[in-house]
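Participant: Sequence and predicted structure below; questions after.
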Amino acid sequence: MTDVLYLQEQPTSQEQLSSTVSIDEVAKLFDVAHEFDDSEFEHTDRKMLSLELLSPTQTFKIQLFFIAVLVAASTIGQIGRHFYGATTMHGFIPFFYLDYEMNIPTYYSSIALLFASIMLAAMTGISFKQNARYRFHWALLSATFGILAVDEVVGFHEYPIDAIRSYLGVGGMLYYAWVIPAAFCVFAFGLFFLKFLRDLPASTRYLFILSGSIFVGGAIGVEMISGIEADAAGEETLRYAAIITLEETMEMLGVALFTFAVYRELWKQVDVMFISMPNKQVLQAGAR
């Protein structure tokens, strides 16, 4: 009747290995198996995985939803503040303003960065298991995003601002003087990851470059524009609030897009790891 693909937990033996198919045959069999209803699959870890985890696209859409809600809430608060003279709107403004610390947008950004770090850590584990060439690059990315997640809450990067500003005597675009060492760090990172980017799959490479450009463009580029306004008129103007909204939106979008790219690459790697475990799961084709 119909050929059915299933996984069976049992120790391998010489007789069983005779029915084990090769990796290429596995891929072909998976393509055929997709034509059948899910009910024809029994005891498949891959099926359980797809049920338990959101896909990269679903995760990206959820992040976009949260970003839209946070930006809208912050904008509403600033409209109430600058056009209607509201101070806190019963706590709504400080709770959602994108420029304030220790509020909902801050915690969201920290969690998003931490999620990216976790995805990168998973890629690191797979690359070390495969002894991949760029395993240390994945590890460095994971550590960097972990540090950024902590910094989002603690604000390490803001501590040296006054000292650097006073020492260098800068203002205007460099009013938030942390952008000076940050720009050097970004440049050094770019040089270090050039070969890594070059050897990524084309679509992943473009997403990495695009997401990084959006994030850095907001975190450093738009930050420098906000410095001009802050130096000239302070941080309480409507213009400053608008610039900050653009900056924080770009940062959140950049992280969401980067996480999507990493998660999509991880999703593909999980499929490969599943197929390459014949000692634990013997793939058989049987007649029904």
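Facilitator: Received, thanks. Keep in mind it's a predicted model, so treat the numbers as computed, not measured.

Participant: CA only for contacts and neighbour counts going forward, please
Facilitator: Noted.

Participant: Spell out, range by range, the helices that occur in the protein.
Facilitator: Ranges of helices in the chain, per DSSP state H, are 14-17, 23-33, 45-52, 56-84, 92-96, 104-129, 135-154, 161-168, 179-192, 194-198, 202-216, 223-233, 238-275.

Participant: could you dump those helices to CSV with mean neighbour count and mean pLDDT?
Facilitator: What follows is the helices of the chain, written out as CSV (neighbours: other CA atoms under 10 Å; pLDDT from 0 to 100):
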stretch, mean neighbour count, mean pLDDT
helix 14-17, 10, 41
helix 23-33, 13, 45
helix 45-52, 11, 46
helix 56-84, 16, 97
helix 92-96, 20, 97
helix 104-129, 20, 97
helix 135-154, 18, 97
helix 161-168, 14, 94
helix 179-192, 13, 96
helix 194-198, 13, 97
helix 202-216, 17, 97
helix 223-233, 19, 97
helix 238-275, 19, 89
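
Participant: In contact with Met102, which residues are there?
Facilitator: Val153 (CA atoms under 8 Å, 6 or more residues apart in numbering).

Participant: cool, and Gln269?
Facilitator: For Gln269, the contacting residues are Ile126, by CA under 8 Å, 6+ apart.

Participant: make it 10 Å
Facilitator: 122-123, 126-127, 263 (CA atoms under 10 Å, 6 or more residues apart in numbering).

Participant: just those residues now: which is nearest Val69?
Facilitator: Distance to Val69 across the contacts of Gln269 (CA to CA) is lowest for Tyr263, with 22.9 Å.

Participant: Could you measure from the closest one over to Ser55?
Facilitator: The gap separating Tyr263 from Ser55 is 8 Å, by CA to CA, to the nearest Å.

Participant: okay but Ala143 is in contact with Ser117, surely?
Facilitator: Yes: between Ala143 and Ser117 there is a contact under CA atoms under 10 Å: 6.8 Å.

Participant: Model confidence for the residue lying closest to Val170 once chain neighbours are set aside, exactly?
Facilitator: Using CA to CA, 6 or more residues apart in numbering and skipping residues adjacent in sequence, the residue nearest Val170 is Ala177, 7.5 Å away. According to the prediction, Ala177 has pLDDT 97.

Participant: Need the phi and psi values for Ala177.
Facilitator: phi -70, psi -10 (degrees, to the nearest 10).

Participant: Mutual contacts of Ala143 and Ser117, please.
Facilitator: Common neighbours of Ala143 and Ser117, counting by CA under 10 Å, 6+ apart, are Ala149.

Participant: Excluding chain neighbours, what is closest to the spatially most central residue of the chain?
Facilitator: Geometric centre of the chain, nearest residue: Thr259, 2.1 Å, by CA atoms, centre = their mean. For Thr259, ignoring the flanking residues on the chain, the nearest one in space by CA to CA, 6+ apart is Ala116 at 5.1 Å.

Participant: ok, the one you found touching Gly254?
Facilitator: No: the criterion here is CA under 10 Å, and Ala116 misses it with Gly254 at 11.1 Å.

Participant: overlap in contacts of these two?
Facilitator: Listed as contacting both Ala116 and Gly254 by CA under 10 Å, 6+ apart are Phe260.

Participant: ok, Arg81 - contacts?
Facilitator: Applying CA under 10 Å, 6+ apart, the residues contacting Arg81 are 75, 87-89, 93, 238.

Participant: any idea how far Arg264 is from it?
Facilitator: 41 Å.

Participant: next one: Gly227
Facilitator: For Gly227, the distance to Arg264 - CA to CA - is 36 Å.

Participant: Please consider this matter closed, and thank you.
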